[in-house]
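Asker: Sequence first, then the predicted structure, then my questions.
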Amino acid sequence: MDIKEFIASYSNHPVLFVGTGFSLRYLENSFSWNELLEKVSFEVFGDDEFYYDIKAKYAIGNDFDLTKVAKDLEVKFNEKLSQDRNGKFKEINDIFYVNMRNNINLSRFKIYISRMLSDLTLKSSMDLEVKDLKKMKKNIASIITTNYDGLIEDMFDFNPLVGNDILLSNPYGSVYKIHGCASKVASLIITENDYTNFNERYELIRAQLLSLFIHNPIIFLGYSVSDENIKSILRTIFSYVEPNTEQANKIRSNFLLVEYQSGSQSTEVIEHDIDIEGQATIRINKIKTDNFSELYKNIGELHLQASAMDIRKVQSVFMNIVSGGEIKVKITEDLDGLENSEKILAIGSKKSINYSYHNGTSILADYFEIIEESNFQVIQLINEITIQTSQWFPMFGFSTVNDKVTKINGLKAQQKDMIENYIKNSSHHCEKPHTNIKDIYADSTIVKSRKDDVLLWNIYQGNLDLDEVEAHLKAFKEKDTLYRKILCFYDLKRYDL
């Protein structure tokens, strides 16, 4: 089966389960588990032989128990740094002692690892693929990862959750960092002792994840088919679900393992059997490829009834309701008597609800996210919204994502007319060329009341870098009239090609 056909069969939003291979693919600075430990050892002890001596102690056939290797290395690393207070690792020791003065005992070993993984510089060669990756965000429910770095939350703008924060969380728009996060040093699970403690308190988190595995398609990225994390997940699921049942078949059919094969452009999804120790062989779906863009594009083009963005917002409101929040709920009809296709959920002010998911203002607040994700569904709602003739509304960018909006030409003409009239009616005092925004607001020859007009004039004239204008817009806390004006000028210059 082709990947396009496979993804098109999804009826709800997939969950990504992301491993080390994901970071290795996109980051300039990333390591496999073995490479990470070897790098740490080399930096402190000066050669690779010290590491190999530790590693040799924990050979298991042709493999090695890296949790035990990490345990020994942590002890040696911490001892070494404690004996050299102001040496090469002075900064790590500084952090350690600042925390100890507050009765917080952090491992120097983990502090150093967290610093190693703080660089999230992307490989420039992957720019186009990353663009496709970001566009699929609108159709991703949540992400589970064993990675320590912050790449995923940086790319997707999802909420990172560690440890007990995972419990009772809103799964939509969350990154479950089940092995900890580099930004929270104490949370890192890397040594044998860490894994022992983790397994003892993992049961409730396991139940939370199990719910996702049962109800959503799961896509494994950055793992090999032999990875113990994959086998552990399957072992967990099928210890709760009978393997020869309809539910088990549904779960299996929803699993997709994306395995990296250098240079391959394959888009074929095949079945693959995995032997799970103590259980029967489990058959899942697999694709071996280097063509990840094709996967991302098909997920991004998946048209579901609601975007993951909207579901995230609804679930946040729902959690507020069930926790005793002061939100009124009104059911307008007998829900049991309605077909699912006839039901609609409206959330907003009781003064403004008129049976639409969005108004123009809420769409503008999400402008950059909607375009980055190519959120076709949300833009389609413009057909249901009343946009006044005096309203600043940026249609050019939206039209590049969805050209099926019936109001496109009228809204474009309205936007252009408002901008041209604004420039025409502006004082000639606004005609002060500048090449960056900071200089406009620092220019003492421009009176305060005209600085915003000078900014708009310079955008219109093409004097300002549009990436700088975009950053300026994203810094706005209030999406007020000024924001909407600047957005319309930016939108026209960026997308009126």
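Answerer: Good, I have the coordinates. Numbering: from 1, shown residues only.

Asker: how about the strands in the chain?
Answerer: Using DSSP state E, the strands of the chain run over residues 15-18, 59-60, 63-64, 143-145, 159-161, 174-177, 218-221, 255-260, 270-274, 282-289.

Asker: In the sheet, which strands lie alongside the fifth one, parallel or antiparallel?
Answerer: Partner strands for strand 159-161, per DSSP bridges, with pairing direction: strand 174-177 (parallel).

Asker: I'd like the average pLDDT over the partner strand.
Answerer: The average pLDDT for strand 174-177 rounds to 93.

Asker: Which residue lies nearest the spatial centre of this protein?
Answerer: Centroid-nearest residue in the chain, with CA atoms, centre = their mean: residue 156, separated by 2.2 Å.

Asker: Flag the helix or strand of this structure with the lowest per-element mean pLDDT.
Answerer: Across the helices and strands of the chain, mean confidence by mean pLDDT, DSSP states H and E is lowest for helix 308-322: a mean of 72.

Asker: Residue 285 and residue 253 touch, don't they?
Answerer: Yes: the pair residue 285 / residue 253 is scored as a contact, 7.3 Å apart, by CB atoms under 8 Å. C-beta coordinates here come from the backbone N, C-alpha and C atoms, glycine included.

Asker: if you count what's nearby, which of these two comes out ahead?
Answerer: Counted by other CB atoms under 10 Å, residue 285 and residue 253 do not tie: residue 285 has more neighbours, with 20 against 15.

Asker: how many other residues sit next to residue 414?
Answerer: 20.

Asker: Could you find the closest non-adjacent residue to it?
Answerer: residue 389 (6.3 Å; CB to CB, 6 or more residues apart in numbering).

Asker: if we can go back for a sec, need the per-residue pLDDT for the residue nearest to the centre of the chain.
Answerer: Among the per-residue scores, residue 156 shows a pLDDT of 91.

Asker: Look up how far residue 486 lies from the residue lying farthest from the centre of the chain.
Answerer: The C-alpha centroid of the chain is most remote from residue 428, which lies 45.5 Å away (CA atoms, centre = their mean). Separation of residue 428 from residue 486 (CB to CB, to the nearest Å) stands at 21 Å.

Asker: Repeat that for residue 318.
Answerer: Relative to residue 486, and taking CB to CB, residue 318 is found at 34 Å.

Asker: out of those two, which sits in the more crowded spot?
Answerer: Neighbour totals were compared for residue 318 and residue 486, and residue 486 leads with 21 against 17 (other CB under 10 Å).

Asker: if I pick that one, what's in contact with it?
Answerer: Neighbour list for residue 486: 452, 455-456, 459, 469, 472-473 [criterion: CB atoms under 8 Å, 6 or more residues apart in numbering].

Asker: One more pass at 6 Å, please.
Answerer: Residue 486 is in contact with residue 473, counting by CB atoms under 6 Å, 6 or more residues apart in numbering.

Asker: can you check residue 143 too?
Answerer: Neighbour list for residue 143: 16, 18, 152, 175 [criterion: CB under 6 Å, 6+ apart].

Asker: And for residue 479?
Answerer: Residue 479 neighbours (CB under 6 Å, 6+ apart): residue 365.

Asker: For residue 365, see how far away it is.
Answerer: Residue 479 is 5 Å from residue 365, by CB to CB.

Asker: what about the nearest residue to residue 230 once chain neighbours are set aside, how many neighbours?
Answerer: Excluding its sequence neighbours, the residue lying closest to residue 230 (CB to CB, 6+ apart) is residue 223, at 5.4 Å. Residues near residue 223, counting by other CB under 10 Å, number 22.

Asker: same thing with the one 10 residues further on?
Answerer: Burial of residue 233 is recorded as 21 neighbouring residues (other CB under 10 Å).

Asker: show me where pLDDT drops low in the stretch 251-400 of the chain?
Answerer: Along the stretch 251-400 of the chain, segments meeting pLDDT under 70 span 278, 319, 322-359.

Asker: in it, which spans are helices?
Answerer: For the stretch 251-400 of the chain, the helices defined by DSSP state H, counting those that start in this stretch cover 292-300, 308-322, 360-365, 367-372, 376-380, 395-401.

Asker: ok, now the stretch 1-150 of the chain?
Answerer: Assigned by DSSP H, counting those that start in this stretch, the helices in the stretch 1-150 of the chain fall at 3-8, 20-26, 33-45, 49-56, 66-82, 90-100, 108-116, 127-135.

Asker: tell me the angle the last one makes with helix 292-300.
Answerer: Computed with axes from the mean of the first three to the mean of the last three CA atoms, to 10 degrees, the direction of helix 127-135 lies at 20 degrees from that of helix 292-300.

Asker: and helix 127-135, what does it pack onto?
Answerer: Here helix 127-135 touches helix 292-300, going by 3 or more CB pairs under 6 Å, 6 or more residues apart in numbering; DSSP states H and E.

Asker: got the contact list for the helix it packs on?
Answerer: Against helix 292-300 from outside (CB under 6 Å, 6+ apart): 3-4, 7, 129, 132-133, 135-136, 139, 267, 374.

Asker: need these in TSV with distance to residue 44 and neighbour count, can you?
Answerer: TSV is the format used below for these (distance: CB to CB, whole Å; neighbours: other CB atoms under 10 Å):
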residue	distance to residue 44	neighbour count
3	45	22
4	49	14
7	46	23
129	35	16
132	40	18
133	35	23
135	42	20
136	40	23
139	44	25
267	45	17
374	46	21
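
Asker: Which single one of those is nearest to residue 196?
Answerer: Residue 196 lies nearest to residue 133 out of the contacts of helix 292-300, by CB to CB, at 35.1 Å.

Asker: how close does that closest one sit to residue 300?
Answerer: Applying CB to CB to residue 133 and residue 300 gives a distance of 9 Å.

Asker: cool, residue 52 as well?
Answerer: Residue 52 is 45 Å from residue 300, by CB to CB.

Asker: Compare the two and say which is more crowded by neighbours.
Answerer: Applying other CB under 10 Å to residue 52 and residue 300 shows that residue 300 carries more neighbours, namely 21 against 11.

Asker: Endpoint to endpoint, stretch 249-262 covers what distance?
Answerer: Criterion CA to CA, to the nearest Å; first-to-last residue distance in stretch 249-262 is 31 Å.

Asker: circling back to that earlier point, in contact with the residue nearest to the centre of the chain, which residues?
Answerer: residue 137.
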